[in-house]
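*Asks:* here is a sequence together with a model predicted from it:
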Amino acid sequence: MPVDPRDLDLGTLALFVGSAAASAVQEEMAAQGFTGLRVSHGYVFQHLVEEARTIGELAVRMEVTQQAASKVVAELEGLGYVERVPDPRDARIRRVRLTGRGRAAVAAARRARAAQENRLAERVGPERVEECRALLAELLDELGGAGAVRRREVRPPR
């Protein structure tokens with residue numbers, strides 16, 4: 001039985017939809033062999049998609065301690081999604097970058113999200129999906145979150 005939309009405020013409903021969507025994407029990725037990933041790892045991946053970064057840079061961008069950033073990088077490194085490499089200008093500096101497996105995981109997640117949206121469009125119609133997307137984007141902008149999305153600086157909820 002569907003949830004009565006009047007039972008939840010819009011922010012909570014959007015949060016629950018996002019959480020359910022993320023869980024479904026995780027399940028799809030695990031089925032494809034991308035195991036060990038958590039939603040929180042996405043907050044690291046977003047900073048590595050375009051360029052390699054130092055632990056310190058990751059810590060600043062994620063607003064965590066260097067120790068916390070180092071811990072999650074070590075975890076992702078153990079899973080084969082990231083690697084530490086020497087900086088091309090200064091070999092004393094180590095940078096974290098996505099491995100081929102990490103880039104493949106990003107691509108798999110994008111495909112899974114696109115497939116999820118296609119299934120939703122088949123169910124409710126592409127016009128309703130686009131209306132919903134437009135409304136959510138407008139609300140994101142209204143609430144001040146659009147800039148963080150554009151800059152790939154989305155932080156986990158506190």
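*Replies:* That came through, no problem.

*Asks:* tell me which residues of stretch 29-43 come out buried.
*Replies:* By neighbour count on 16 or more other Cβ atoms under 10 Å, the buried set for stretch 29-43 is 29, 34, 37, 41, 42, 43. For glycine as for every other residue, the C-beta is placed from the backbone atoms N, C-alpha and C.

*Asks:* so who does the residue nearest the centre of the chain touch?
*Replies:* The geometric centre of the chain, computed from its C-alpha atoms, lies nearest to residue 42 (Cα atoms, centre = their mean), at 3.5 Å. Contacts for residue 42 (Cβ atoms under 8 Å, 6 or more residues apart in numbering) come out as 22, 109.

*Asks:* for it, helix, strand, or coil?
*Replies:* helix (DSSP: H, G, I helix; E, B strand; the rest coil).

*Asks:* and residue 157, what pLDDT?
*Replies:* For residue 157, the pLDDT comes out at 68.

*Asks:* so which residues of this protein form strands?
*Replies:* Secondary structure of the chain (DSSP state E): strands at 82-86, 94-98.

*Asks:* what helices or strands is the last one leaning on?
*Replies:* By that I understand strand 94-98. helix 42-48, helix 55-62, strand 82-86 (3 or more Cβ pairs under 8 Å, 6 or more residues apart in numbering; DSSP states H and E).

*Asks:* CA atoms of it as CSV?
*Replies:* C-alpha atoms of strand 94-98 as CSV (Å, rounded to 0.1, in the frame of the first residue of the first chain):
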residue,chain,number,x,y,z
ARG,A,94,50.8,11.1,-2.2
ARG,A,95,47.5,11.6,-4.0
VAL,A,96,44.4,9.4,-3.9
ARG,A,97,42.8,8.5,-7.2
LEU,A,98,40.1,6.1,-8.5
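
*Asks:* quick check: angle from that strand to strand 82-86?
*Replies:* 140 degrees (axes from the mean of the first three to the mean of the last three Cα atoms, to 10 degrees).

*Asks:* how far off centre is strand 94-98?
*Replies:* 18 Å (Cα atoms, centre = their mean, to the nearest Å).

*Asks:* next, the buried residues of it.
*Replies:* 95, 96, 98.

*Asks:* what about the protein, any weak spots by pLDDT?
*Replies:* In the predicted model, the chain carries pLDDT under 70 at residues 157-158.

*Asks:* longest helix of it?
*Replies:* Using DSSP state H, we find that the single longest helix of the chain is helix 100-124.

*Asks:* still on that earlier bit, out of the helices and strands packed on strand 94-98, which one sits most buried?
*Replies:* Of all those, helix 42-48 carries the top mean neighbour count, a mean of 20, counting by mean count of other Cβ atoms under 10 Å.
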